[in-house]
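Student: Here's my sequence, what's the structure:
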Amino acid sequence: MRVLIVDDEPSIRKTTGLAVEAMGHESVGVPNGLRALKEIETESFDACFLDVKLGAEDGLTVLEKILKLQPALPVVMFTAYANISTAVEAMRRGAFDFIPKPFTPEQVRQVLDKIGRTSRLEKRVAQLESQLTEEAPAIDLTSAEVSMQRTLAIAFKAAETSASILILGPSGTGKSVLAREIHRRGAQKDSAFVTVNCPSLSKELLESELFGHVKGSFTGAVNDTLGKVASADGGTLFLDEIGELPLEIQPKLLRLLQEREYERVGESRVRRANVRVIAATNRNLADEVKAGRFREDLYYRLNVITLTLSGLRDRPADFARIASGYLDFFARRIGKKLAGFTPEVSDAFARYAWPGNLRELRNVVERAVILAGGDRIGLEDLPEEFGTPADSRVAVGGRVTLDELEAEHIRRVLGHAKTLDDAARVLGIDPATLYRKRQKLGLL
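Tutor: Below you'll find the model as predicted:
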């Protein structure tokens with residue numbers, strides 16, 4: 001690393017520089033803030049040591065000027081006037097760390113190692129984000145449909161506030177994608193975006209996942225756990241399928257929303273968390289309130305801004321663009337040149353119900369690109385439900401497995417059911433079981 005040392009005492013600059021260079025790094029020493037700013041304007045540095053007292057200069061003011069020029073530069077403050085308030089103020093203004101004088105070479109080494117580890121982690125995160133971008137289609141948050149345009153405009157305006165947002169719509173319509181985009185456009189964008197899938201766990205485990213627990217609070221609680229609320233502090237907590245949230249947990253979520261307070265399972269200590277809550281569901285929460293399955297006060301607390309996403313069947317003006325986008329992405333990823341879809345495929349797409357919406361369309365197009373033998377996607381490249389010869393379709397009494405029959409039946413029921421509860425009743429299973437089967441089939 002290349003390290004800038006800013007101190008008005010020549011002996012400190014020299015000894016710190018020797019310690020830095022003995023560790024294999026390069027050092028540059030300057031006596032005041034003006035020289036430091038000139039160095040940063042013309043040269044590149046990986047770290048900076050800055051004295052709080054630079055003669056008549058205030059090191060904290062110099063810190064702010066340095067970070068304006070190079071916001072990502074880790075600046076470590078050191079001073080003979082060490083105290084807690086100075087340390088807190090330095091960190092508040094953006095310092096990376098704080099070392100009191102007199103310091104040892106070991107303290108210098110530890111903080112440089114910490115800077116190195118942080119830098120490597122940041123590079124790794126950037127690499128993974130780039131990799132995810134390459135492995136997933138670009139998020140398309142535009143629409144030619146007037147209703148969707150209005151919904152997106154409200155979403156992006158609300159993103160600039162801290163208001164709770166409720167996103168409604170069938171499964172697979174992009175509710176979690178929109179939630180992430182709202183987070184990215186908000187004041188919380190530099191903090192965590194934490195997701196909780198409400199129907200995925202039992203009541204006891206879901207409460208623990210949300211609020212955390214203390215060791216010994218229940219069987220299997222072998223360690224203290226902070227929980228998702230603590231992880232999302234300062235950022236966004238996304239509650240997916242909140243319509244499935246057990247009644248017993250709803251008062252605790254209401255308390256978090258109203259008072260920013262919560263308690264871990266097995267603990268009486270009140271904790272605070274500043275989180276923005278975005279919730280999503282494919283249920284009609286007003287009907288759930290009438291049925292006594294959802295608290296009215298929680299519903300109104302969540303329902304500050306409501307966004308409704310349309311199913312794929314209700315977005316005919318967007319369908320061709322979305323499907324072509326998926327086709328281009330997957331063809332490029334596996335190195336195929338495809339000119340598009342045959343007219344027969346376009347007709348089959350138009351007739352299909354798309355119970356899994358955008359997620360199902362993506363899966364169907366990816367499969368078709370992999371199987372395609374010509375320069376266009378044909379009917380033979382699609383799953384059987386899109387109109388392949390009748391004797392090869394999934395049918396009762398055909399040469400198909402029970403799993404295939406079940407999967408086809410679930411898809412068709414989801415296609416005509418008004419709600420997930422309705423689909424679960426038709427299938428004779430509870431909503432949690434249906435959730436797991438949809439997850440297995442890629443229809444979430």
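
Student: In stretch 415-426, which residues are buried?
Tutor: Applying a neighbour-count criterion of 16 or more other CB atoms under 10 Å, the buried positions in stretch 415-426 are Ala417, Leu420, Asp421, Ala423, Ala424. (Glycine included, C-beta is placed from N, CA and C.)

Student: Check the offset of that stretch from the chain's centre.
Tutor: Per CA atoms, centre = their mean, to the nearest Å, the displacement of stretch 415-426 from the mean C-alpha position of its chain is 29 Å.

Student: do stretch 3-17 as well
Tutor: Centre-to-centre, stretch 3-17 and its host chain are 42 Å apart (CA atoms, centre = their mean).

Student: Contacts only, for Asn32.
Tutor: Contacts for Asn32 were tallied using CB atoms under 8 Å, 6 or more residues apart in numbering; they are Val6, Asp8, Leu54, Gly55, Glu57.

Student: how about a markdown table for these, with neighbour count, distance to Ala286 and secondary structure added?
Tutor: Conversion of those to a markdown table gives the following (neighbours: other CB atoms under 10 Å; distance: CB to CB, whole Å; DSSP: H, G, I helix; E, B strand; the rest coil):
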| residue | neighbour count | distance to Ala286 | secondary structure |
| --- | --- | --- | --- |
| Val6 | 31 | 61 | strand |
| Asp8 | 17 | 67 | coil |
| Leu54 | 22 | 63 | strand |
| Gly55 | 10 | 67 | coil |
| Glu57 | 17 | 62 | strand |
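
Student: Give me the pLDDT value at the residue most central in space within the chain.
Tutor: In the chain, the residue lying closest to the centroid (CA atoms, centre = their mean) is Phe193, at 4.3 Å. Note on Phe193: pLDDT of 91.

Student: Looks like it contacts Gly235 (just checking).
Tutor: Yes - with contact defined as CB atoms under 8 Å, Phe193 counts as touching Gly235 (6.0 Å).

Student: which residues are common contacts for those two?
Tutor: In terms of CB under 8 Å, 6+ apart, Phe193 and Gly235 are both contacted by the residues His183.

Student: phi, psi of the residue nearest to the centre of the chain?
Tutor: Taking degrees, to the nearest 10, you get phi -110, psi 110 for the backbone angles of Phe193.

Student: residues in contact with it?
Tutor: Ala179, Arg180, His183, Ala232, Gly235, Thr236, Phe238.

Student: pLDDT weak spots in the stretch 51-200 of the chain?
Tutor: Counting by pLDDT under 70, the low-confidence segments of the stretch 51-200 of the chain come to 81-83, 126-136, 138.

Student: how about the strands in it?
Tutor: With DSSP state E, counting those that start in this stretch as the criterion, the stretch 51-200 of the chain has strands at 53-54, 57-58, 75-79, 97-100, 165-168, 193-197.
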